[in-house]
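*Asks:* Return atomic coordinates for the entry below.
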Amino acid sequence: MKQLTFGDLIEFILKNKSDKTFIGQSLQNIIDNVGTALDNETLFYAVDESGNITGMILAEIREEAGVLFVTENLAMSINTLKGFAKKARIMFPQYKLEWLKRGIHKKHDTNKIYSKLTI
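*Replies:* This next block holds a predicted model:
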């Protein structure tokens, strides 16, 4: 399997972003956000057998609120979401999971979401 690079992550985003992800962000903003997410261990990605990226989720830690907030979702499949849920549950067990969907801030029962996705 090939070793992924920072450039591979950026290339995947540029190829797969849509009118619902990375809205209004310049290339430099994307680079900065990916770098920050890597530093904070809040960038989650899935790869296929050949090592090609098949999905990606960026999140940020909002410590004061106890929230892991999904900022960008290029999951591409339910398996990527399940992988994200498993890792997030282990890495950030005390944090609630939140995100925006169609511009609406979603706050659901985090344990219920994790249970559904990690079966």
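
*Asks:* Could you tell me the model confidence score at the residue nearest the centre of the chain?
*Replies:* By C-alpha atoms, centre = their mean, the chain has its centre lying nearest to residue 57, at 1.6 Å. As predicted, residue 57 sits at a pLDDT of 93.

*Asks:* What ranges in this protein fall below the confidence cut-off?
*Replies:* Scanning the chain for pLDDT under 70 picks out the ranges 1, 118-119.

*Asks:* got the residue ranges for the strands in it?
*Replies:* 43-47, 53-62, 67-74, 96-101, 104-107 (DSSP state E).

*Asks:* Which among those is found nearest to residue 16?
*Replies:* With C-beta to C-beta as the criterion, residue 16 lies closest to strand 67-74 of the strands of the chain, at 5.1 Å. Heads up, the C-betas are built off the backbone N, CA and C, glycines and all.

*Asks:* Check what contacts that closest one and list those residues.
*Replies:* By C-beta atoms under 8 Å, 6 or more residues apart in numbering, the residues outside strand 67-74 that reach it are 12-13, 16-17, 21-22, 33, 42, 55-62, 88, 92, 95-100.
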